[in-house]
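Asks: What shape does this take:
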Amino acid sequence: MMSLSDRFKSISAEMPRGWQSKLAKKCGVKPPSVNDWLSGKTKNLEGTHLNKAADFFGVSPEWLATGTGPKFPNPKNTSVRHSSRELDPAELVDAFEALFKKLNDSEKEDVISLFVVFAKSLRPITKSALIAAISQERTDEILKKA
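Replies: From the prediction side, this is the model:
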């Protein structure tokens with residue numbers, strides 16, 4: 001079974017630079033604590049820190065803490081569900097289209113911009129990288145307007 005350190009490394013492999021500091025801030029800890037989680041010095045993560053770290057990466061707290069249970073939580077209020085089976089590309093397109101139609105124009109522009117960025121990178125993306133990119137993209141947009 002993977003250790004806590006191994007689980008952190010697996011979900012952070014595609015994260016952009018500086019993610020450790022952002023995780024520390026979200027969890028209300030200092031960066032050396034995050035380094036302890038990554039190095040294996042910390043063997044267990046519980047409570048608020050566990051929940052905030054899991055939320056940061058978009059994984060279930062149970063999986064992050066123990067390596068058991070589903071890696072990704074079941075999303076709420078959506079017809080798209082994480083599944084162990086490989087989805088047919090047509091199903092993905094239909095699900096994406098249904099969700100995309102629910103977005104406002106600004107959100108649609110953000111999604112399109114993100115797809116362009118990832119398409120240009122020509123590399124596979126992970127859920128954690130996508131979450132980080134969305135957050136970074138929104139942060140950059142807000143800072144430009146300020």
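Asks: contacts, neighbours, all on C-alpha from now
Replies: OK.
Asks: Got the domain ranges for this protein?
Replies: Here the domain assignment for the chain is 4-66, 89-145, based on automatic domain parsing.
Asks: which of the ones you listed has the lowest average pLDDT?
Replies: For those, the weakest mean pLDDT is recorded on domain 89-145, namely a mean of 65.
Asks: ok, now which ones touch residue 30?
Replies: By CA atoms under 8 Å, 6 or more residues apart in numbering, the contact list for residue 30 reads residue 24.
Asks: sorry, back to before: single out the most deeply packed of the domains of the chain.
Replies: domain 4-66 (a mean of 17; mean count of other CA atoms under 10 Å).
Asks: and the end-to-end length of that domain?
Replies: Length of domain 4-66, first residue to last, CA to CA, to the nearest Å: 7 Å.
Asks: ok, back up a step: need the domains of the chain in JSON lines with distance to residue 72, can you?
Replies: Shown next, in JSON lines, are these (distance: least, CA to CA, whole Å):
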{"stretch": "domain 4-66", "distance to residue 72": "5"}
{"stretch": "domain 89-145", "distance to residue 72": "9"}
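Asks: can you pull out the helices in the chain?
Replies: Along the chain, the stretches classed as helices by DSSP state H are 4-12, 19-27, 31-39, 47-57, 61-66, 89-101, 105-121, 127-145.
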